[in-house]
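1. from the sequence below, what's the structure:
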Amino acid sequence: MKFYSSQFKDIALKLKNGVIRSVLLYGPNSGLTHYIANEFHKNLEYNKRLISYKDISALELRSLLSSANLFGSNEIIFLRDVSAVNEDLKQIIKTKYDNLLVILADELPPSSVLRKLYEADSDLAVVPCYDDDAKSVEILVKQYCAEFKKKISYDALSYLVKRLNGDRMIVVNELEKLFLYIAEKHEIFLDDVMQVISENIVPEPDMLCIYFFNKDIINYTAELRKLMEENISAVWVARAIGRYAANIYIAKCYMIDGASAEDAMKMLVPPVFFKYTTSFKAIITKYDIAQIKYIMILLHNLEVDLKYSVIDSRILCENLIMQL
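-> Below you'll find the predicted structure:
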(Lines give C-alpha, C1' and ligand atoms only; values in the text may rest on other atoms or scores of the structure.)
Protein backbone atom coordinates (compact mmCIF):
# COMPACT_ATOMS: atom_id res chain seq x y z
CA MET A 1 0.00 0.00 0.00
CA LYS A 2 1.34 3.43 -0.95
CA PHE A 3 1.80 6.22 1.59
CA TYR A 4 3.18 9.75 1.44
CA SER A 5 6.35 10.54 3.39
CA SER A 6 4.34 13.02 5.52
CA GLN A 7 2.24 10.09 6.83
CA PHE A 8 5.11 8.46 8.75
CA LYS A 9 3.34 8.91 12.13
CA ASP A 10 0.26 7.11 10.78
CA ILE A 11 2.49 4.31 9.52
CA ALA A 12 4.25 4.06 12.90
CA LEU A 13 0.88 3.73 14.63
CA LYS A 14 -0.22 1.01 12.18
CA LEU A 15 3.08 -0.81 12.77
CA LYS A 16 2.58 -0.61 16.53
CA ASN A 17 -0.99 -1.94 16.26
CA GLY A 18 0.01 -4.76 13.92
CA VAL A 19 -2.00 -3.40 10.98
CA ILE A 20 1.17 -3.12 8.88
CA ARG A 21 3.90 -5.73 9.20
CA SER A 22 6.71 -4.23 7.07
CA VAL A 23 7.73 -1.00 5.32
CA LEU A 24 9.73 -0.19 2.18
CA LEU A 25 11.41 3.25 2.07
CA TYR A 26 12.91 4.01 -1.32
CA GLY A 27 14.09 6.98 -3.37
CA PRO A 28 17.00 9.35 -4.03
CA ASN A 29 16.53 11.44 -0.86
CA SER A 30 18.59 9.38 1.57
CA GLY A 31 18.17 12.10 4.19
CA LEU A 32 14.38 11.67 4.12
CA THR A 33 14.75 7.88 4.20
CA HIS A 34 16.87 8.05 7.33
CA TYR A 35 14.68 10.76 8.89
CA ILE A 36 11.58 8.53 8.59
CA ALA A 37 13.56 5.51 9.81
CA ASN A 38 14.62 7.49 12.91
CA GLU A 39 11.04 8.65 13.48
CA PHE A 40 9.87 5.02 13.42
CA HIS A 41 12.55 4.25 16.01
CA LYS A 42 11.42 7.15 18.26
CA ASN A 43 7.66 6.66 17.87
CA LEU A 44 7.71 2.88 18.39
CA GLU A 45 10.41 2.96 21.10
CA TYR A 46 11.94 -0.18 19.61
CA ASN A 47 15.64 -0.85 19.46
CA LYS A 48 17.07 -0.64 15.96
CA ARG A 49 19.51 -2.73 14.00
CA LEU A 50 20.92 -1.92 10.54
CA ILE A 51 22.11 -4.84 8.45
CA SER A 52 23.08 -5.49 4.84
CA TYR A 53 21.24 -8.19 2.90
CA LYS A 54 24.64 -9.06 1.40
CA ASP A 55 25.92 -10.10 4.84
CA ILE A 56 23.05 -12.28 6.02
CA SER A 57 21.24 -15.42 4.90
CA ALA A 58 17.47 -15.81 4.71
CA LEU A 59 17.61 -18.17 7.69
CA GLU A 60 19.56 -15.64 9.78
CA LEU A 61 17.14 -12.87 8.82
CA ARG A 62 14.15 -14.98 9.88
CA SER A 63 15.88 -15.68 13.19
CA LEU A 64 16.49 -11.96 13.83
CA LEU A 65 12.88 -11.10 13.05
CA SER A 66 11.50 -13.89 15.21
CA SER A 67 13.43 -13.41 18.45
CA ALA A 68 13.82 -10.65 21.05
CA ASN A 69 17.27 -9.15 21.63
CA LEU A 70 19.46 -9.75 24.69
CA PHE A 71 17.41 -7.23 26.70
CA GLY A 72 14.11 -8.90 25.83
CA SER A 73 12.83 -5.91 23.80
CA ASN A 74 11.53 -5.68 20.25
CA GLU A 75 13.63 -4.40 17.38
CA ILE A 76 13.24 -2.70 14.03
CA ILE A 77 15.47 -4.46 11.53
CA PHE A 78 16.57 -1.96 8.88
CA LEU A 79 17.65 -3.96 5.84
CA ARG A 80 19.68 -2.38 3.04
CA ASP A 81 21.39 -3.59 -0.17
CA VAL A 82 18.45 -5.65 -1.42
CA SER A 83 19.44 -6.00 -5.07
CA ALA A 84 17.07 -8.84 -6.01
CA VAL A 85 13.96 -10.44 -4.54
CA ASN A 86 14.02 -14.24 -4.40
CA GLU A 87 11.32 -16.54 -3.03
CA ASP A 88 12.94 -16.67 0.43
CA LEU A 89 12.79 -12.89 0.79
CA LYS A 90 9.21 -12.78 -0.56
CA GLN A 91 8.11 -15.22 2.12
CA ILE A 92 9.92 -13.25 4.83
CA ILE A 93 8.17 -10.04 3.74
CA LYS A 94 4.76 -11.76 3.67
CA THR A 95 5.18 -13.25 7.17
CA LYS A 96 4.35 -11.46 10.42
CA TYR A 97 7.15 -11.53 13.04
CA ASP A 98 7.66 -10.20 16.56
CA ASN A 99 10.20 -7.72 15.23
CA LEU A 100 9.64 -5.27 12.37
CA LEU A 101 11.29 -5.29 8.97
CA VAL A 102 12.00 -1.96 7.22
CA ILE A 103 13.78 -2.14 3.87
CA LEU A 104 15.85 0.88 2.77
CA ALA A 105 16.43 1.23 -0.98
CA ASP A 106 17.55 3.77 -3.58
CA GLU A 107 15.41 4.74 -6.56
CA LEU A 108 13.17 1.87 -7.72
CA PRO A 109 11.40 1.89 -11.13
CA PRO A 110 7.67 1.04 -11.35
CA SER A 111 8.67 -2.37 -12.72
CA SER A 112 10.65 -3.22 -9.56
CA VAL A 113 9.56 -6.57 -8.07
CA LEU A 114 10.21 -5.26 -4.55
CA ARG A 115 8.17 -2.10 -5.11
CA LYS A 116 5.27 -4.01 -6.70
CA LEU A 117 5.23 -6.47 -3.81
CA TYR A 118 4.81 -3.70 -1.22
CA GLU A 119 2.35 -1.68 -3.30
CA ALA A 120 0.01 -4.63 -3.87
CA ASP A 121 -0.36 -5.79 -0.24
CA SER A 122 -2.58 -3.85 2.20
CA ASP A 123 -0.50 -5.20 5.13
CA LEU A 124 2.66 -3.61 3.73
CA ALA A 125 3.60 0.07 3.40
CA VAL A 126 5.73 1.63 0.68
CA VAL A 127 6.95 5.23 0.98
CA PRO A 128 8.73 7.01 -1.90
CA CYS A 129 11.38 9.40 -0.57
CA TYR A 130 12.04 12.18 -3.05
CA ASP A 131 13.68 15.55 -2.52
CA ASP A 132 11.68 17.97 -0.41
CA ASP A 133 9.85 20.57 -2.48
CA ALA A 134 8.01 23.73 -1.49
CA LYS A 135 4.85 21.89 -0.43
CA SER A 136 6.60 19.31 1.77
CA VAL A 137 8.81 21.98 3.38
CA GLU A 138 5.74 24.12 4.17
CA ILE A 139 4.02 21.12 5.78
CA LEU A 140 7.15 20.38 7.84
CA VAL A 141 7.55 23.99 9.01
CA LYS A 142 3.89 24.10 10.08
CA GLN A 143 4.33 20.81 11.96
CA TYR A 144 7.28 22.32 13.84
CA CYS A 145 5.23 25.46 14.62
CA ALA A 146 2.37 23.36 15.98
CA GLU A 147 4.72 21.19 18.05
CA PHE A 148 6.52 24.18 19.61
CA LYS A 149 3.36 26.38 19.75
CA LYS A 150 4.85 29.15 17.61
CA LYS A 151 3.33 31.50 15.05
CA ILE A 152 5.21 32.36 11.86
CA SER A 153 4.88 35.41 9.64
CA TYR A 154 4.04 35.03 5.94
CA ASP A 155 7.45 36.44 4.88
CA ALA A 156 9.33 34.07 7.19
CA LEU A 157 7.39 31.05 5.93
CA SER A 158 7.90 32.08 2.30
CA TYR A 159 11.64 32.45 2.86
CA LEU A 160 11.91 29.00 4.45
CA VAL A 161 9.85 27.38 1.69
CA LYS A 162 12.10 28.99 -0.90
CA ARG A 163 15.42 28.25 0.78
CA LEU A 164 14.89 24.80 2.25
CA ASN A 165 14.58 22.05 -0.32
CA GLY A 166 16.38 18.88 -1.25
CA ASP A 167 17.73 16.50 1.38
CA ARG A 168 15.45 16.09 4.44
CA MET A 169 18.26 15.84 7.00
CA ILE A 170 19.64 19.21 5.87
CA VAL A 171 16.15 20.72 6.09
CA VAL A 172 15.58 19.27 9.58
CA ASN A 173 18.98 20.43 10.85
CA GLU A 174 18.24 23.98 9.72
CA LEU A 175 14.79 23.96 11.34
CA GLU A 176 16.22 22.58 14.60
CA LYS A 177 18.66 25.52 14.67
CA LEU A 178 15.86 27.99 13.99
CA PHE A 179 13.52 26.71 16.70
CA LEU A 180 16.34 26.62 19.23
CA TYR A 181 17.19 30.25 18.34
CA ILE A 182 13.60 31.49 18.79
CA ALA A 183 12.86 29.37 21.87
CA GLU A 184 11.85 32.40 23.95
CA LYS A 185 9.76 34.04 21.23
CA HIS A 186 6.11 33.48 20.40
CA GLU A 187 6.32 34.33 16.69
CA ILE A 188 8.96 33.79 13.99
CA PHE A 189 9.73 36.74 11.72
CA LEU A 190 11.82 37.06 8.57
CA ASP A 191 14.75 38.62 10.47
CA ASP A 192 14.88 35.56 12.75
CA VAL A 193 15.01 33.20 9.81
CA MET A 194 17.67 35.20 7.96
CA GLN A 195 19.81 35.27 11.12
CA VAL A 196 19.81 31.48 11.43
CA ILE A 197 19.34 29.72 8.09
CA SER A 198 22.71 29.06 6.47
CA GLU A 199 23.31 30.82 3.18
CA ASN A 200 24.96 27.93 1.38
CA ILE A 201 23.71 24.85 3.22
CA VAL A 202 20.95 24.19 0.69
CA PRO A 203 21.60 24.48 -3.05
CA GLU A 204 19.66 27.22 -4.83
CA PRO A 205 18.41 26.27 -8.30
CA ASP A 206 17.38 29.82 -9.25
CA MET A 207 20.56 30.90 -11.03
CA LEU A 208 20.79 27.56 -12.84
CA CYS A 209 17.20 28.03 -14.08
CA ILE A 210 17.76 31.66 -15.04
CA TYR A 211 20.86 30.73 -17.07
CA PHE A 212 18.94 27.85 -18.66
CA PHE A 213 15.95 29.92 -19.78
CA ASN A 214 18.24 32.73 -20.96
CA LYS A 215 20.13 30.12 -23.05
CA ASP A 216 23.38 31.16 -21.33
CA ILE A 217 25.31 27.99 -22.05
CA ILE A 218 28.59 28.97 -20.36
CA ASN A 219 27.08 30.03 -17.03
CA TYR A 220 24.48 27.23 -17.06
CA THR A 221 27.23 24.63 -17.51
CA ALA A 222 29.35 26.20 -14.77
CA GLU A 223 26.41 26.33 -12.32
CA LEU A 224 25.46 22.75 -13.19
CA ARG A 225 28.97 21.47 -12.51
CA LYS A 226 29.11 23.40 -9.22
CA LEU A 227 25.88 21.75 -8.06
CA MET A 228 27.05 18.29 -9.08
CA GLU A 229 30.35 18.80 -7.26
CA GLU A 230 28.19 19.26 -4.15
CA ASN A 231 26.69 15.79 -4.83
CA ILE A 232 23.37 17.20 -6.07
CA SER A 233 21.71 14.55 -8.23
CA ALA A 234 20.85 15.06 -11.89
CA VAL A 235 17.23 14.17 -11.09
CA TRP A 236 17.15 17.06 -8.58
CA VAL A 237 18.45 19.37 -11.33
CA ALA A 238 15.81 18.20 -13.82
CA ARG A 239 13.00 18.66 -11.30
CA ALA A 240 14.26 22.09 -10.21
CA ILE A 241 14.15 23.31 -13.82
CA GLY A 242 10.77 21.58 -14.17
CA ARG A 243 9.33 23.48 -11.19
CA TYR A 244 10.66 26.73 -12.66
CA ALA A 245 9.08 25.90 -16.03
CA ALA A 246 5.76 25.11 -14.30
CA ASN A 247 5.84 28.53 -12.60
CA ILE A 248 6.46 30.20 -15.95
CA TYR A 249 3.53 28.27 -17.45
CA ILE A 250 1.19 29.25 -14.59
CA ALA A 251 2.27 32.91 -14.79
CA LYS A 252 1.69 32.92 -18.57
CA CYS A 253 -1.83 31.52 -18.04
CA TYR A 254 -2.59 34.35 -15.60
CA MET A 255 -1.26 36.85 -18.14
CA ILE A 256 -3.42 35.36 -20.92
CA ASP A 257 -6.41 35.91 -18.62
CA GLY A 258 -5.49 39.59 -18.37
CA ALA A 259 -3.10 39.85 -15.41
CA SER A 260 0.06 41.93 -15.67
CA ALA A 261 3.44 40.21 -15.33
CA GLU A 262 3.81 41.69 -11.83
CA ASP A 263 0.37 40.48 -10.70
CA ALA A 264 0.93 37.04 -12.25
CA MET A 265 4.15 36.68 -10.26
CA LYS A 266 2.40 37.65 -7.02
CA MET A 267 -0.18 34.90 -7.54
CA LEU A 268 2.44 32.15 -7.69
CA VAL A 269 2.71 29.85 -4.66
CA PRO A 270 5.33 30.04 -3.28
CA PRO A 271 6.09 33.54 -4.62
CA VAL A 272 9.25 34.30 -6.59
CA PHE A 273 12.05 35.22 -4.18
CA PHE A 274 12.60 39.00 -4.28
CA LYS A 275 16.23 38.69 -5.48
CA TYR A 276 15.07 36.98 -8.69
CA THR A 277 11.86 38.82 -9.59
CA THR A 278 13.49 40.97 -12.30
CA SER A 279 14.99 37.92 -14.03
CA PHE A 280 11.75 35.93 -13.76
CA LYS A 281 9.71 38.81 -15.20
CA ALA A 282 12.05 39.05 -18.19
CA ILE A 283 11.77 35.30 -18.79
CA ILE A 284 7.95 35.10 -18.62
CA THR A 285 7.78 38.04 -21.03
CA LYS A 286 10.13 36.34 -23.49
CA TYR A 287 8.55 32.85 -23.65
CA ASP A 288 5.13 31.81 -24.95
CA ILE A 289 2.97 28.87 -23.81
CA ALA A 290 3.99 26.61 -26.73
CA GLN A 291 7.70 27.07 -25.95
CA ILE A 292 7.18 26.23 -22.27
CA LYS A 293 5.19 23.09 -23.17
CA TYR A 294 8.07 22.03 -25.43
CA ILE A 295 10.58 22.55 -22.60
CA MET A 296 8.42 20.52 -20.20
CA ILE A 297 8.44 17.65 -22.71
CA LEU A 298 12.24 17.92 -22.92
CA LEU A 299 12.46 17.71 -19.11
CA HIS A 300 10.19 14.66 -19.02
CA ASN A 301 12.41 12.96 -21.61
CA LEU A 302 15.50 13.93 -19.60
CA GLU A 303 14.16 12.18 -16.49
CA VAL A 304 13.50 9.03 -18.53
CA ASP A 305 17.04 9.18 -19.94
CA LEU A 306 18.51 9.72 -16.46
CA LYS A 307 16.86 6.47 -15.32
CA TYR A 308 17.65 4.27 -18.29
CA SER A 309 20.43 5.76 -20.44
CA VAL A 310 24.07 4.65 -20.16
CA ILE A 311 25.20 8.22 -20.95
CA ASP A 312 26.71 10.14 -18.03
CA SER A 313 24.01 12.13 -16.20
CA ARG A 314 26.04 15.36 -16.24
CA ILE A 315 26.36 15.18 -20.03
CA LEU A 316 22.61 14.61 -20.37
CA CYS A 317 21.90 17.72 -18.27
CA GLU A 318 24.47 19.77 -20.19
CA ASN A 319 22.95 18.71 -23.53
CA LEU A 320 19.48 19.82 -22.39
CA ILE A 321 20.20 23.50 -23.00
CA MET A 322 21.40 22.71 -26.52
CA GLN A 323 17.84 21.65 -27.42
CA LEU A 324 16.28 25.05 -26.72
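
2. name all residues that make contact with Tyr276.
-> 206, 210 (CB atoms under 8 Å, 6 or more residues apart in numbering). Quick note: C-beta positions are derived from backbone N, CA and C, even for glycine.

3. now do 10 Å
-> 162, 204, 206-207, 209-210, 244, 283 (CB atoms under 10 Å, 6 or more residues apart in numbering).

4. need the phi and psi values for the closest residue to Ile93 other than its chain neighbours.
-> Excluding its sequence neighbours, the residue lying closest to Ile93 (CB to CB, 6 or more residues apart in numbering) is Ser22, at 5.6 Å. With angles defined as degrees, to the nearest 10, Ser22 sits at phi -160, psi 160.

5. just the mean pLDDT for stretch 17-32, thanks.
-> For stretch 17-32, mean pLDDT rounds to 88.

6. chain center to that stretch, what's the gap?
-> 14 Å (CA atoms, centre = their mean, to the nearest Å).

7. span of it from start to end?
-> 24 Å (CA to CA, to the nearest Å).

8. in that stretch, what's buried?
-> Buried positions in stretch 17-32, judged by neighbour count with 16 or more other CB atoms under 10 Å: 20-29, 31-32.

9. among those, which ones are in strands?
-> Counting by DSSP state E, the part of those found in strands is 22-26.

10. out of the residues you listed, flag the one nearest to Leu59.
-> Ser22 (18.0 Å; CB to CB).

11. the closest one pairs with what?
-> Counting by DSSP bridges, Ser22 forms beta bridges with Leu101, Leu124.

12. remind me, longest helix of this structure?
-> helix 234-256 (DSSP state H).

13. re the thing from before, what residues are up against the residue nearest to Ile93?
-> Per CB under 10 Å, 6+ apart, neighbours of Ser22: 15, 65, 77, 79, 92-97, 100-103, 117-118, 121, 123-126.

14. adding distance to Ser158, write the buried residues of stretch 17-32 out as a markdown table.
-> Formatted as a markdown table, the buried residues of stretch 17-32 follow (distance: CB to CB, whole Å):
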| residue | distance to Ser158 |
| --- | --- |
| Ile20 | 36 |
| Arg21 | 41 |
| Ser22 | 39 |
| Val23 | 34 |
| Leu24 | 34 |
| Leu25 | 30 |
| Tyr26 | 31 |
| Gly27 | 26 |
| Pro28 | 26 |
| Asn29 | 23 |
| Gly31 | 23 |
| Leu32 | 22 |
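
15. quick one: which of those residues is nearest Asp288?
-> For those, the nearest to Asp288 is Pro28 (32.8 Å; CB to CB).

16. need the phi and psi values for Ser66.
-> phi -90, psi -20.

17. how about the nearest residue to it, chain neighbours excluded?
-> Tyr97 (5.4 Å).

18. ok, the one you found touching Ile76?
-> No: Tyr97 lies out of contact with Ile76 (CB atoms under 10 Å); the separation is 11.2 Å.

19. low-confidence stretches in the stretch 1-150 of the chain?
-> Residue ranges of the stretch 1-150 of the chain with pLDDT under 70: 68-72.

20. quick one, helices of it?
-> 8-16, 30-44, 58-66, 87-94, 113-120, 134-148 (DSSP state H, counting those that start in this stretch).

21. next: the stretch 151-300 of the chain.
-> 154-163, 168-181, 190-196, 206-213, 217-229, 234-256, 261-266, 277-286, 289-308.

22. by how many degrees do the longest helix of the chain and helix 289-308 diverge?
-> 170 degrees (axes from the mean of the first three to the mean of the last three CA atoms, to 10 degrees).

23. wait, Asn165 touches Asp206, no?
-> No: if you go by CB under 10 Å, Asn165 and Asp206 don't touch, sitting 11.1 Å apart.

24. in terms of neighbours, single out the busier of these two.
-> Asn165 (23 against 18; other CB atoms under 10 Å).

25. excluding its backbone neighbours, what's nearest that one?
-> Leaving aside its chain neighbours, Asn165 sits nearest to Asp132 (5.3 Å; criterion: CB to CB, 6+ apart).

26. got a list of what the one you found touches?
-> 5, 29, 31-32, 35, 138-140, 161, 164-168, 170-172, 202.

27. can you tell me which of those are buried?
-> Buried by 16+ other CB under 10 Å: 5, 29, 31-32, 35, 138, 140, 161, 164-168, 170-172, 202, out of the contacts of Asp132.

28. re earlier: touching both of Tyr97 and Ile76, which residues are there?
-> Joint contacts of Tyr97 and Ile76 (CB under 10 Å, 6+ apart) do not exist.

29. so what sits against both of Asn165 and Asp206?
-> Common neighbours of Asn165 and Asp206 (CB under 10 Å, 6+ apart) are Ala240.

30. most neighbours among the contacts of Tyr276, please name it.
-> Busiest of the contacts of Tyr276 [other CB under 10 Å] is Cys209, holding 25 neighbours.

31. residues contacting the most centrally placed residue in the chain?
-> The structure's the chain has its C-alpha centroid closest to Asp131; by CA atoms, centre = their mean the separation is 2.0 Å. Going by CB under 10 Å, 6+ apart, Asp131 touches 27-29, 31-32, 165-168, 171, 232-233, 235-236, 239-240.
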